[in-house]
Every structure is written in structure tokens, then in C-alpha cells.
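> Here is my input, please return the structure:
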Amino acid sequence: METSVFSKQSEMIGNTSLLKLDSLSEMTGSYIYVKCENENPGGSIKDRAALGMVQAALESGQLQRGMTIVEGTAGNTGIGLTLVGKSLGFPVRVVMPRGQAQEKERMVGLFGGELHLVDPCPFRDPGHFYHTAKRFAEEDPKQFWWANQFENTDNYKVHFETTGPEIWRQTQGKIDVFVSAAGTGGTIGGVSSFLKQENPLVKTILVDPRGSGLKSYVDSGEFKSEGSSITEGIGIMRLTQNFAAAKVDCAYSFDDQDIVTVARYLRDKDGIVLGTSSALNVTAALFEGLQESGKRIVTIACDSGERSFSKFYNDEFLRSKGIDPNESMEVLLDRWR
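Predicted coordinates for the structure are as follows:
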């Protein structure tokens with residue numbers, strides 16, 4: 001098989017593999033697949049959003065030579081923007097809340113980005129990472145272009161134009177269910193819109209971590225939350241422009257214990273190491289597959305587990321959160337019954 005030759009890393013983004021999860025497919029009698037977004041050069045699905053937003057800003061003239069890209073992020077979008085920015089000749093400033101996985105902070109630096117850390121705080125606080133990044137751009141608009149991943153609809157558009165069509169081609173149009181968590185809403189917004197355009201019967205399931213209000217919004221139209229989660233970069237308590245584009249049929253939510261058990265099982269059975277958001281996606285796909293056999297279910301491996309190692313694969317950390325890292329799949333299935 002021929003291997004493509006590229007001139008820039010940004011050209012390598014997309015066209016990722018679709019992988020069947022043998023152990024979970026056999027367990028459920030359904031066909032469960034993950035779109036391997038960890039294959040992108042920056043290691044996550046956020047490379048797509050980064051490239052889509054930057055390309056659109058260049059075409060519109062909002063981003064010009066000599067400017068710096070700035071964005072507030074829990075990690076992966078900052079890594080993706082740094083990779084894309086450096087690939088295309090732009091410096092990048094990434095605003096992150098303290099307390100995210102150390103691996104994400106290091107990767108921003110490894111790709112050559114400038115990391116600006118702020119204290120974690122509620123969205124209404126002006127010190128929030130979102131508002132801090134916005135403020136940099138507002139105070140010096142000639143120097144900074146703010147990506148604004150939550151409200152910039154070029155985010156969901158790139159998934160409508162690339163991720164959705166790739167899934168449709170790879171499944172040859174034989175897909176019954178699409179499962180996705182949401183942070184900005186770009187992935188679920190773009191992919192669900194494309195799949196529903198091709199076949200309105202494709203079911204879209206939002207999966208939400210505890211502490212997020214999106215499931216409540218889907219169920220009742222109101223943002224309410226309870227609990228908390230060790231997941232990073234997903235879940236939100238407001239309606240973004242990108243999530244507003246999503247065509248969601250129903251929503252699930254799972255405890256951290258559930259996603260840890262599924263992630264460890266998949267690692268041991270299939271040798272697949274998932275990050276936290278990927279594990280939440282796969283947990284929902286497993287749950288859906290157990291409801292009725294014979295379905296073709298596709299979800300997203302948003303990134304791989306190495307950038308979640310210090311928390312998600314740290315037994316001491318998990319136990320400090322009341323999570324049993326060694327819970328068996330049998331115990332989880334009994335809890336779901």
C-alpha cells in the first residue's frame with residue numbers, strides 16, 4: 001500500500017481509521033466501532049477543529065501573518081492549534097486551567113506553544129480560561145486572533161465536511177447509531193448533522209459526564225447538573241453555537257467508575273488504551289449495544305490514554321476519588337441490569 005507524502009503536518013489531519021472493538025462487539029451481539037482520532041498528528045480529534053478554524057480565519061482575513069493564535073482550552077484544542085499554527089507559521093498562546101493532566105501541559109510546550117495557566121473557576125468568573133483568552137484578543141486585536149472554539153461554527157463545519165463523510169464511507173452507509181460526548185459541541189454537531197442528512201434514521205446519542213448539564217438540557221431544555229467527574233474537556237453548562245447544530249435523539253450519563261471499568265477491560269482484552277472522553281464514549285456505545293443486538297454503532301476515540309496517564313491510569317489517584325481501578329466487567333454489568 002502506498003504511503004502518502006505531505007509537506008506540512010497539518011495536511012496529515014483527518015482520514016483516520018475505523019476500528020471494530022472485538023471484545024465489546026462479541027459481548028453485545030452488536031458491531032461497535034471507534035473512529036481513531038488519536039491517529040491525527042496532534043493525537044486527538046481537536047486537530048480537525050483547529051485546522052478548520054485556522055483555515056477559515058486565513059481565508060476570511062481575520063488571521064494574518066505576524067499575528068498570534070490564542071485560545072482557552074482544557075488541553076487538546078490547544079495542542080491541535082499549536083501543531084496547526086506552527087505548521088502554518090503562526091505562534092500560539094494557550095490558556096489552560098491549572099489541574100488538567102500534566103501530559104497535556106507538556107505537549108503544548110513540546111509543540112512550541114506558549115502556555116498561560118489560570119486558576120480553575122466557574123464560567124461566570126472573569127478569570128475563567130475562556131474569558132482570559134478572549135481578553136487577550138480584545139486588548140490587542142492586531143496581535144491576537146482568538147479561535148473561540150465554543151462559538152466558532154467553523155468547528156462543527158469541519159466535522160460536517162470531513163469526520164461525518166469519512167464515517168459514512170467507512171461504514172458504507174450501514175450505521176444505526178452514532179455516540180459522542182460534547183465539550184464545544186463541534187464533533188457531535190457536525191457529524192450528527194451529516195449523518196442525519198444522509199439517513200434521518202441514524203440515531204444520535206449524547207453521552208455526558210457527571211457534573212455537566214447537557215443531558216439535562218437534552219431531556220428537559222434546562223441546564224442542571226449533579227456530581228462531578230475526572231473526565232477533562234467534555235461537558236458544559238451552557239448552549240454553544242456548535243452544540244446548537246447537533247441533532248440529538250437521546251442522552252446518557254455514566255459514573256467515573258463505569259468508564260474506568262470499561263477502559264481497563266478494553267485495554268486488557270483488546271490492547272486499546274483510551275483517554276477519559278474516549279472511555280465515556282465507548283461506555284455509552286457498550287450500553288447501547290446491550291439494549292438490542294445487531295446494531296452498527298460508531299463512536300469516537302477522541303485521543304489515546306497516554307495524555308491521561310497521571311490520573312486515569314493512576315490507581316492511587318482513582319482510589320482517592322472513590323473509584324475501584326480493578327472492578328470487573330461482571331460487576332459493572334450487574335450494576336446496569
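
> measure Arg106 to Ile79 for me?
Between Arg106 and Ile79 the distance is 10 Å, computed by C-beta to C-beta, to the nearest Å. Glycine gets a C-beta too; all of them are placed from N, C-alpha and C.

> Which of these two has more residues huddled nearby?
A count of neighbours by other C-beta atoms under 10 Å puts Ile79 above the other of Arg106 and Ile79, at 30 against 13.

> hang on, isn't that one packed against Met107?
Yes - counting by C-beta atoms under 8 Å, Ile79 touches Met107, with 4.9 Å between them.

> element containing Gly99, please.
Using DSSP states H and E, Gly99 sits within no helix or strand.

> Now Asp154: closest residue in space that isn't a chain neighbour?
Sequence neighbours aside, Ala56 is the residue nearest to Asp154 in space, at 4.1 Å (criterion: C-beta to C-beta, 6 or more residues apart in numbering).

> Look up how far Pro41 lies from that neighbour.
In this structure, Ala56 and Pro41 are 20 Å apart, going by C-beta to C-beta.

> Make sure the residue nearest to Asp154 is actually in contact with Thr153.
No - Ala56 sits out of contact with Thr153 when judged by C-beta under 8 Å, with a separation of 9.3 Å.

> Which of the two has more residues huddled nearby?
Looking at Ala56 and Thr153 with other C-beta under 10 Å, you find the greater number of neighbours at Thr153, namely 21 against 17.

> any low-confidence regions in the stretch 1-150 of the chain?
By pLDDT under 70, the low-scoring segments of the stretch 1-150 of the chain are 1-2.

> residue boundaries of the strands in it?
With strands called from DSSP state E, counting those that start in this stretch, the stretch 1-150 of the chain shows them at 18-20, 31-36, 68-72, 92-97, 114-118, 144-146.

> helices or strands next to the third one in the packing?
Applying 3 or more C-beta pairs under 8 Å, 6 or more residues apart in numbering; DSSP states H and E, one finds that strand 68-72 contacts helix 76-88, strand 92-97, helix 129-139, strand 144-146.

> please redo it, this time with the cut-off set to 10 Å
Where contact means 3 or more C-beta pairs under 10 Å, 6 or more residues apart in numbering; DSSP states H and E, strand 68-72 is packed against helix 46-60, helix 76-88, strand 92-97, strand 114-118, helix 129-139, strand 144-146.

> Which strands border it, and is each parallel or antiparallel?
The sheet places strand 68-72 alongside strand 92-97 (parallel), strand 144-146 (parallel), with pairing taken from DSSP bridges.

> How far off centre is the shortest one?
Spelled out, that is strand 144-146. Once both centres are worked out by C-alpha atoms, centre = their mean, to the nearest Å, strand 144-146 turns out to sit 22 Å from its chain's centre.

> Moving along the chain from it, name the first helix or strand you hit.
Towards the C-terminus, the helix or strand next in line after strand 144-146, according to DSSP H and E, is helix 154-158.

> If we go by neighbour counts, what in the next helix or strand after that following helix is buried?
Reading on from helix 154-158 to the C-terminus, the next helix or strand found by DSSP H and E is helix 164-170. Neighbour-count burial for helix 164-170, with 16 or more other C-beta atoms under 10 Å as criterion, is recorded at 164, 166-168, 170.

> Give the pairing partners of the strand or helix carrying Thr299; include direction for each.
Assigned by DSSP H and E, Thr299 falls within strand 296-301. Strand 296-301 sits in its sheet next to strand 31-36 (parallel), strand 177-180 (parallel), going by DSSP bridges.

> picking that back up, tell me the contacts of the residue nearest to Asp154?
62-63, 152-155, 157-158 (C-beta atoms under 10 Å, 6 or more residues apart in numbering).
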